[in-house]
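[1] Provided below for reference: sequence and predicted model.
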Amino acid sequence: MTERLLIAAVLLVGAVALAVVLRRREPDQPLRTSWAVPTWLDRQDFADPATPWLVAVFTSATCRSCQDTVAKAQPLASDEVVVEEVEVGARADLHERYGIEAVPTIVVADAEGVVRGSFLGPPSTAELWARVAEARSDPPPGAGAGSSP
């Protein structure tokens, strides 16, 4: 019986010591769980600024899901929509300017550069197409202000 109590005491002391060591290894700062998406893009920073809609796909050459995300976005290109890949190795200035820290990030902006939709991470094709269609069908902020029903 004494042996069992001794073994239990040793295990308890070991568990407490392990808990103390692991507690000390926790980071002082909380882990980041979300990233910011810009609310406005200067359309002059991107191809075809006169095109009414921009779908900017921020990527990295080392990102596994980025090329698939670009492939999902490319068919959206039309006379009304320009789709542009913004790879960090080629355009680090834009990633920094707009605070892009996670890829893929998709930003849907109107003619004035107001961001009307976005995705952090790879969306499904249906989600992407629906978000762009929704953005294009919504009136710009402030449109119709002061009008009567």
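    It's in.
[2] tell me where this structure has strands.
    Counting by DSSP state E, the chain has strands at residues 53-59, 81-87, 105-109, 115-120.
[3] helices or strands up against the first one?
    Put plainly, it is strand 53-59. The elements that strand 53-59 packs onto, with contact taken as 3 or more C-beta pairs under 8 Å, 6 or more residues apart in numbering; DSSP states H and E, are helix 66-73, strand 81-87, strand 105-109, helix 125-137. Placement of C-beta: from N, CA and C, glycine included.
[4] tell me which residues of the first one are tucked away?
    It refers to helix 66-73. Residues 66, 69-70, 72-73 are the ones in helix 66-73 that count as buried (16 or more other C-beta atoms under 10 Å).
[5] can you put those in a markdown table and add distance to residue 134 and pLDDT?
    Formatted as a markdown table, the buried residues of helix 66-73 follow (distance: C-beta to C-beta, whole Å; pLDDT from 0 to 100):
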| residue | distance to residue 134 | pLDDT |
| --- | --- | --- |
| 66 | 23 | 96 |
| 69 | 18 | 97 |
| 70 | 21 | 97 |
| 72 | 16 | 96 |
| 73 | 15 | 97 |
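[6] could those go into TSV alongside distance to residue 37?
    Output for those, formatted as TSV (distance: C-beta to C-beta, whole Å):
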residue	distance to residue 37
66	16
69	15
70	18
72	18
73	16
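[7] list just the nearest of the residues you listed to residue 124.
    Lowest distance from residue 124 to the buried residues of helix 66-73 (C-beta to C-beta) belongs to residue 72, with 7.9 Å.
[8] quick one on the thing from earlier: what's the most buried one of the helices and strands packed on strand 53-59?
    strand 105-109 (a mean of 25; mean count of other C-beta atoms under 10 Å).
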